[in-house]
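In: predicted model and sequence follow; I will ask about them next.
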Amino acid sequence: MLFSFVYACFRAKPLHMKTKLSIVLAILVTYTCLAQTKIDLRDVKQFTVENRKIESVIENGRQVLKLSEAPGDGLAIVNDMTFENGTIEFDVKGRNVMQQSFVGLAFHVQDRSTYEAVYFRPFNFVNADTARRRRAVQYIAMPDYPWEKLREQHPGKYESKVSPVPEPDAWFHVKVVVEDKNVRVYVDNSASPSLQVERLSNSQSGKLAMWTGHGSNGSFADLVITNTPKKTPK
């Protein structure tokens, strides 16, 4: 489609050659900025692993990256990729075990203890306690803003229920949109975000990582990143 459009631009007779080249250059720049990258989960060597073991397996016909269970938080950092602004989509599966399933994504990773993250507590998805259901998805900015501090100082602002509600033991789809100072989190292709917050970090870029919390394992699939240009300040 892209090459067909470029060819059509050169074929258009009313346009001056300089104008045609300007249009094509703009198209190519935009295409590059919006290019999608699907991470090949078969190659575990492309990840730097912090406080976890990882393995790549075939599960029900698709490639899955599994992070092991361990005390403390764990990261599987994608090498050779820097993320600034854009959209990250992936499928994830935790488990319906109280306080033993924290699964999500870290972005703008500087090192094993400095990053922002969005993660889920599947054991709260359908919990009978409505207060716990409102704590199903969480934003944090480590190390200055862990979940404990945010819940104490800003109750209900950086965590929320999810909609639609996935099965706690099943796969669900996540889309995280990082747009300059804001983060939006969508679940299972919903048109409305389950969580929308203003970022608490001034970081402009960093690595991406699959993330699991204390005592948690997790399964991840179909990781796709779309980079978009930052907005130019007016």
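Out: Thanks, I have the structure now.

In: how many residues are close by Pro166?
Out: 22 (other C-beta atoms under 10 Å). Placement of C-beta: from N, CA and C, glycine included.

In: how is the chain divided into domains?
Out: Following automatic domain parsing, the chain resolves into domains at 2-31, 37-228.

In: what average pLDDT does the longest one get?
Out: So the one you mean is domain 37-228. Average pLDDT, domain 37-228: 97.

In: and if you look at the first one?
Out: Mean pLDDT, computed over domain 2-31, is 51.

In: if you count contacts, what does the helix or strand Ala76 falls within end up packed against?
Out: Under the criterion of DSSP states H and E, Ala76 resides in strand 74-78. Here strand 74-78 touches strand 47-50, strand 62-67, strand 103-111, strand 207-212, going by 3 or more C-beta pairs under 8 Å, 6 or more residues apart in numbering; DSSP states H and E.

In: again, only using 6 Å
Out: Applying 3 or more C-beta pairs under 6 Å, 6 or more residues apart in numbering; DSSP states H and E, one finds that strand 74-78 contacts strand 47-50, strand 207-212.

In: so how far is the shortest one off the chain centroid?
Out: Here strand 47-50 shows a centroid-to-chain-centroid distance of 16 Å under the convention C-alpha atoms, centre = their mean, to the nearest Å.

In: likewise for the last one?
Out: Once both centres are worked out by C-alpha atoms, centre = their mean, strand 207-212 turns out to sit 8 Å from its chain's centre.

In: tilt between it and strand 74-78?
Out: Orientation note: strand 207-212 sits at an angle of 150 degrees relative to strand 74-78 (axes from the mean of the first three to the mean of the last three C-alpha atoms, to 10 degrees).

In: elements contacting the next helix or strand after strand 207-212?
Out: Next helix or strand after strand 207-212 toward the C-terminus (DSSP H and E): strand 218-228. Under the contact definition 3+ C-beta pairs under 6 Å, 6+ apart, strand 218-228 sits against strand 36-38, strand 62-67, strand 85-93.

In: quick check: buried residues in strand 218-228?
Out: By neighbour count with 16 or more other C-beta atoms under 10 Å, strand 218-228 contains the buried residues 218-223, 225-228.

In: state the pair within the residues you listed that is farthest apart.
Out: The largest separation in the buried residues of strand 218-228, counting by C-beta to C-beta, is between Ser219 and Thr228 at 27.6 Å.

In: ok, back up a step: partner strands of the strand holding Ala76, with direction?
Out: strand 47-50 (antiparallel), strand 207-212 (antiparallel) (DSSP bridges).

In: what does the next helix or strand after the shortest one contact?
Out: For strand 47-50, the succeeding helix or strand toward the C-terminus, using DSSP H and E, is strand 54-59. Around strand 54-59, the neighbours that count as contacts under C-beta atoms under 6 Å, 6 or more residues apart in numbering are 41-42, 44, 64-67, 76.

In: make TSV from the residues you listed and add neighbour count and distance to Pro193 to it.
Out: Converted to TSV, the contacts of strand 54-59 look like this (neighbours: other C-beta atoms under 10 Å; distance: C-beta to C-beta, whole Å):
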residue	neighbour count	distance to Pro193
Leu41	23	26
Arg42	12	31
Val44	14	32
Val64	18	26
Leu65	21	25
Lys66	22	28
Leu67	24	25
Ala76	25	25
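
In: out of those, which is nearest to Lys93?
Out: Distances from Lys93 to the contacts of strand 54-59, taken by C-beta to C-beta, are shortest for Val64, at 8.4 Å.

In: what's across from the closest one in the sheet?
Out: Bridge pairing for Val64 - DSSP bridges - gives Val57.

In: next, name the residue at the spatial heart of the protein.
Out: Ile88 (4.0 Å; C-alpha atoms, centre = their mean).
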